[in-house]
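In: How does the following fold in three dimensions:
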Amino acid sequence: MKIRLVVTSVLLILSLMLVAFPAFAQEGGDATIPAQPCEAPDELTMWVWDQAWADIIGAAIDQWTADYCLGAKVDLQVQPWGQYWDLMATNAAGGELPDVFNMSQTYVHFYMENDVLLDLQPYLDQYGIDSTVWGSGMVDPYRDENGDLYALPVNWDSIAIFYNKEMFDAAGLDYPTADWTWDDFAAAARALTDPENDVYGASVYAEYQAGYPNWIASAGVVPVIDSARTTCTLRDPASIGALNFLKGLYDEGVMPSVSIQGGASPDDAFAYFASGHLAMVAAGSWKLSQAVEEIPFDWDIVQLPRNPQTGLSRSIVHSVGYVASSRTENPDLAANLILFLASDEGQRYFAEGGNVAPANPSPELQQLWIDSFGDVGKNIQAFVDASKDSQGVTVFGEIWDAINSEIVVSIFDLDIPVEDAVEAACAVVDEYVVE
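Out: Predicted coordinates:
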């Protein structure tokens with residue numbers, strides 16, 4: 001759930017775009033998500049939490065005002081991440097939200113519950129845009145109980161397996177493919193474990209997004225808490241089964257403890273992989289730049305293995321969204337801007353911007369993002385494929401520690417039985433379920 005940009009490359013790419021990609025308007029129905037002209041230019045305010053994002057979005061807005069909404073003005077402001085959500089909550093209570101702003105799946109439920117977001121579904125319907133063109137994980141957390149969409153996605157980050165090709169070669173193992181299963185993963189992890197050299201076959205449990213919830217999602221269950229926030233789903237037999245599968249590998253000595261790998265975060269696990277102590281690690285697409293720049297051995301990427309019962313490989317995907325205030329004086333204009341920013345044209349700025357995967361599903365834009373890493377010879381497409389049939393984020397801050405680190409430490413460091421660790425985590429979740 002991280003938003004990373006190669007800031008030094010952003011300004012260079014933006015300047016090159018002005019030369020290499022002059023503004024253009026779409027014609028016909030070729031676009032995956034077409035931009036639309038506005039009906040009444042006016043003024044809008046917009047908040048983002050990152051300066052590099054502001055530079056990219058600002059360039060996109062310049063095209064929108066030039067090609068689709070001549071005369072419109074957008075006051076684009078950066079509210080730093082450290083104070084963004086406090087400001088948003090305060091302004092939401094006082095009715096002074098900006099017209100358009102960025103939203104996270106982890107926070108959106110609060111704003112939807114309090115009716116402060118503009119329903120974007122009528123605009124999608126008006127222009128014949130089927131919201132299922134986005135991967136399920138990207139947009140489902142932004143829907144209400146009727147299925148209406150309140151945010152259009154900016155980006156995505158998905159989870160896959162990084163693996164050490166040199167270790168696979170030394171063990172005489174074939175490299176994993178997108179069709180591999182949990183059983184294949186377990187067999188490879190066992191074969192790659194080398195206790196004498198402090199090498200473990202895998203580490204795939206750490207943290208909410210990069211860790212154990214992916215395996216629960218692949219078992220066909222919404223991890224931790226259901227989308228309606230009525231039930232702690234960790235008690236579901238399929239959730240217990242997924243956790244016991246991982247715990248079994250840990251008990252066999254195939255996966256290291258939290259203490260051995262240096263912590264319960266995915267960064268700790270990835271650092272242990274990069275140091276040569278892991279053959280496989282689950283990690284997010286935000287780790288690609290670091291991997292390309294820092295890992296000294298030959299490695300590659302593959303999608304998470306498929307559950308042998310459901311056949312699913314489901315990554316936890318987080319997508320930042322563009323939303324509008326329900327109190328905006330220019331709802332049509334705000335929706336039009338959001339539609340442009342999510343369109344093929346608006347998303348091109350992110351695709352070219354480096355290290356942020358554009359949410360727009362256009363194959364051309366996804367390939368532009370892949371190409372932004374250069375000719376690295378890695379299966380970056382695995383992250384794109386993982387974003388499609390995916391699971392969005394349903395957790396929120398009040399339960400974060402219990403499900404992000406405490407349950408991980410309990411199971412994979414303190415050797416607490418899965419059922420007991422689940423009950424402890426659910427005791428926290430139960431305090432916040434909707435009656």
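In: where does the protein have low pLDDT?
Out: 1-30, 354-355 (pLDDT under 70).
In: quick one, domains of it?
Out: 7-157+317-376, 159-314+396-432 (automatic domain parsing).
In: Out of those domains, the one nearest residue 382 is which?
Out: Of all the domains of the chain, domain 159-314+396-432 sits nearest to residue 382, with 4.6 Å by C-beta to C-beta. No exception for glycine: its C-beta is placed from N, CA and C like everyone else's.
In: hmm, back to that, figure out which of the domains of the chain is closest to residue 386.
Out: Closest to residue 386 of the domains of the chain, according to C-beta to C-beta: domain 159-314+396-432, at 5.3 Å.
In: re the thing from before, how about the domains of the chain in CSV, adding distance to residue 387?
Out: Shown next, in CSV, are the domains of the chain (distance: least, C-beta to C-beta, whole Å):
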stretch, distance to residue 387
domain 7-157+317-376, 5
domain 159-314+396-432, 8
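In: any chance of those in CSV, with mean neighbour count and distance to residue 386 too?
Out: Shown next, in CSV, are the domains of the chain (neighbours: other C-beta atoms under 10 Å; distance: least, C-beta to C-beta, whole Å):
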stretch, mean neighbour count, distance to residue 386
domain 7-157+317-376, 19, 7
domain 159-314+396-432, 19, 5
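In: so which of the ones you listed comes closest to residue 385?
Out: Short answer: domain 159-314+396-432, nearest of those by C-beta to C-beta, at 5.9 Å.
In: And the spatially most central residue of the chain, its phi and psi?
Out: In the chain, the residue lying closest to the centroid (C-alpha atoms, centre = their mean) is residue 318, at 2.5 Å. Dihedral pair for residue 318: phi -120, psi 140, per degrees, to the nearest 10.
In: got a list of what it touches?
Out: 1, 104, 105, 106, 137, 156, 157, 209, 392, 393 (C-beta atoms under 8 Å, 6 or more residues apart in numbering).
In: the helices in the stretch 251-400 of the chain, which residues?
Out: 258-261, 266-274, 288-294, 331-342, 344-353, 363-371, 381-386, 400-401 (DSSP state H, counting those that start in this stretch).
In: With just CA atoms, put the fourth one into CSV.
Out: It stands for helix 331-342. Provided in CSV are the C-alpha atoms of helix 331-342 (Å, rounded to 0.1, in the frame of the first residue of the first chain):
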residue,chain,number,x,y,z
PRO,A,331,-20.3,18.5,-9.3
ASP,A,332,-20.5,18.0,-13.1
LEU,A,333,-17.2,19.8,-13.6
ALA,A,334,-15.5,17.9,-10.8
ALA,A,335,-16.7,14.6,-12.2
ASN,A,336,-15.5,15.6,-15.7
LEU,A,337,-12.0,16.3,-14.3
ILE,A,338,-11.9,13.0,-12.5
LEU,A,339,-13.0,11.2,-15.6
PHE,A,340,-10.2,12.9,-17.6
LEU,A,341,-7.6,12.0,-15.0
ALA,A,342,-8.7,8.4,-15.1
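In: Just give the closest residue to residue 239, not the sequence neighbours.
Out: Closest residue to residue 239 apart from its sequence neighbours, by C-beta to C-beta, 6 or more residues apart in numbering: residue 216 at 4.8 Å.
In: quick one: the one you found and residue 249, what's the gap?
Out: Per C-beta to C-beta, to the nearest Å, residue 216 is found 15 Å from residue 249.
In: And for residue 62?
Out: Residue 62 is 52 Å from residue 249, by C-beta to C-beta.
In: got it, and residue 374?
Out: In terms of C-beta to C-beta, residue 374 sits 35 Å off from residue 249.
In: so what's the backbone phi/psi at the residue lying farthest from the centre of the chain?
Out: Residue farthest from the centre of the chain, counting by C-alpha atoms, centre = their mean, is residue 196 at 36.8 Å. Dihedral pair for residue 196: phi -60, psi -30, per degrees, to the nearest 10.
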